[in-house]
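**Q** Quick one, what's the 3D model for this:
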Amino acid sequence: MSAVLTGSAAAPGTCGELVQGTVKGQPLLISCPVNIYSEISIRLHKKYPRCSGFKKMDTALEILLKKKGFGELGWIITRNSRLKPGKGMASSTADIAAALAAAARALNFHIRAGEIARIALQVEPSDGIMFNGACLLDYKQGRICQPLGSPPEADIILLDPGGTVDTVSFNRRPNLKYLNELKEREVKQALDLVCRGIECRDIEMIGRGSTISALANQKLLPKEELPEVVRWCGQLGAAGVVIAHSGTVMGLIMPGEITAPEEAADYIRKKKPHWKIKLVKLTAGGVK
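**A** Numbers count the residues shown, from 1 in each chain. Modelled structure (predicted):
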C-alpha cells in the first residue's frame, strides 16, 4: 500500500446517563447523547507509527486493524473535540467510536455500531453513543445491548459545577458492587420509566425516571448541588434531572413545549455564576 488513506468521523458526547446502575448484579445504562461532538480524522500508512499519543484510540485501532487484516498499518490522528475528560460526558467513548469509524471509512469498509461497542468495551467501560437511537447497554462487558428507539426532542441545560472524576479508577472501586446493590430497587424503577418513556416518546416519563436514577446515585457518588438542581425542576418547568453517574456534569431536561429554555439557563447562571452552563439538544446518538 503506497498511498496514504484518510477518513474522518464524528461521535456525540453525553450529558451523563438517563439511568445507570445494576439490576440483579447486571451493569446497565442508558446514555443521554447530546449535540456536542468529538471529531476525529485519521491517516493510515504502513510507514506511520502504531502510536499517536492517544492511548485509548491507539488500543482500539490496533484491535480493529488487526481484526480486519490491516495490522501492518500505522496511523496519525487529528482530534477536534469539545468534550472535556473527567466530566462524565463520554469523551473517551466518543473518541474511540469516531476513530474506529474514521479508520473504516479510510479502508472503505462498513463498521456497525455493535462492533464499535465491542471494541470500545475491550478498552474500558463504555457509553452507548455509537448506536442510532437509545440503547440499554451492559457498559462493562456488552452482554446486553437492547435498542429502545429514538428519544423525543428536548433541550437540556447542561450544568458543570467544576471538578473531574477518573472513570477508570471509579469503576475499580472495591465497594462499587455493594454500593450498586444498595440502589438496585430505584434503578429498576428508573429503567422501567425511561424505557417506557422512550417507547411512548414521553419526555415527562423519561425525566421522572432519570431523576430517580440521579437521586439513587447519591449513595455512590454524592453531588452536593443535586438537591438544589432537583428543586429547579419545578420552578423552571423541567421534566427531570440527568447526571453523569461517574462524572461531574448534571442537566435539566426541558420539554419541547418549553419555548424559552435560554431564560431558564439564564436563571441558573445568575444563581451559579461560577458554573459553566450550556444549552444543548438531546439527540438519538450515532456516529456520523
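**Q** can you map out the helices along the protein?
**A** 55-67, 91-106, 113-123, 167-171, 176-182, 184-200, 203-216, 226-236, 261-271 (DSSP state H).
**Q** Alpha carbons of the shortest one, in CSV - could you do that?
**A** Which is helix 167-171. In CSV, the C-alpha atoms belonging to helix 167-171 read as follows (Å, rounded to 0.1, in the frame of the first residue of the first chain):
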residue,chain,number,x,y,z
THR,A,167,-13.8,7.0,35.3
VAL,A,168,-11.3,4.1,35.2
SER,A,169,-10.5,4.4,38.9
PHE,A,170,-14.1,4.9,39.7
ASN,A,171,-15.1,1.6,38.1
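**Q** ok, back up a step: looking at the helices of the chain, which is nearest to Ser38?
**A** Of all the helices of the chain, helix 91-106 sits nearest to Ser38, with 3.8 Å by CB to CB. Yep, even glycine has a C-beta here, placed from its N, CA and C like the rest.
**Q** other SSEs contacting that closest one?
**A** Packing partners of helix 91-106 (3 or more CB pairs under 8 Å, 6 or more residues apart in numbering; DSSP states H and E): strand 5-23, strand 26-45, helix 55-67, strand 74-81, helix 113-123.
**Q** highest average neighbour count across these?
**A** strand 5-23 (a mean of 25; mean count of other CB atoms under 10 Å).
**Q** Tell me the helices and strands packed up against it.
**A** Contact analysis of strand 5-23 by 3+ CB pairs under 8 Å, 6+ apart lists strand 26-45, helix 91-106, helix 176-182, helix 184-200, helix 203-216, strand 240-243, strand 250-254 as its packing neighbours.
**Q** Render the CA-only coordinates of the longest one in PDB, please.
**A** This means strand 26-45. In PDB, the C-alpha atoms belonging to strand 26-45 read as follows (Å, rounded to 0.1, in the frame of the first residue of the first chain):
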ATOM      1  CA  GLN A  26     -26.000  -6.900  35.900                       C
ATOM      2  CA  PRO A  27     -24.400  -3.500  35.000                       C
ATOM      3  CA  LEU A  28     -26.700  -1.400  32.700                       C
ATOM      4  CA  LEU A  29     -27.000   2.100  31.400                       C
ATOM      5  CA  ILE A  30     -29.000   4.300  29.000                       C
ATOM      6  CA  SER A  31     -26.800   7.100  27.700                       C
ATOM      7  CA  CYS A  32     -28.000  10.700  27.300                       C
ATOM      8  CA  PRO A  33     -26.400  11.700  24.000                       C
ATOM      9  CA  VAL A  34     -26.200  15.500  23.200                       C
ATOM     10  CA  ASN A  35     -25.100  17.500  20.200                       C
ATOM     11  CA  ILE A  36     -21.500  18.100  21.300                       C
ATOM     12  CA  TYR A  37     -19.100  16.000  19.200                       C
ATOM     13  CA  SER A  38     -15.600  14.500  19.100                       C
ATOM     14  CA  GLU A  39     -14.300  14.900  15.500                       C
ATOM     15  CA  ILE A  40     -11.500  12.500  14.500                       C
ATOM     16  CA  SER A  41      -9.500  12.500  11.300                       C
ATOM     17  CA  ILE A  42      -7.100   9.600  10.600                       C
ATOM     18  CA  ARG A  43      -4.300   9.000   8.100                       C
ATOM     19  CA  LEU A  44      -3.200   5.400   7.600                       C
ATOM     20  CA  HIS A  45       0.000   4.100   6.100                       C
END
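**Q** Isn't Ser52 up against Ala60?
**A** No. Counting by CB atoms under 8 Å, Ser52 stays clear of Ala60, with 11.2 Å between them.
**Q** Which elements pack onto the worst-scoring helix or strand of the chain on mean pLDDT?
**A** The helix or strand of the chain with the poorest confidence is helix 167-171; it has a mean of 78 (mean pLDDT, DSSP states H and E). Applying 3+ CB pairs under 8 Å, 6+ apart, we find helix 167-171 packed against no helix or strand.
**Q** got any ranges where the stretch 151-288 of the chain has weak pLDDT?
**A** Scanning the stretch 151-288 of the chain for pLDDT under 70 picks out 257-259.
**Q** The residue nearest to Ser213 when sequence neighbours are not counted: how many residues sit nearby?
**A** Leaving aside its chain neighbours, Ser213 sits nearest to Ala190 (3.9 Å; criterion: CB to CB, 6 or more residues apart in numbering). By other CB atoms under 10 Å, the residues close to Ala190 number 27.
**Q** show me the contacts for Ala190.
**A** Contacts for Ala190 (CB atoms under 8 Å, 6 or more residues apart in numbering) come out as 18-19, 21, 209-210, 212-213, 216.
**Q** if we go to 7 Å?
**A** The contact partners of Ala190, by CB atoms under 7 Å, 6 or more residues apart in numbering, come to 19, 209-210, 212-213.
**Q** Kind regards, and thank you for your time.
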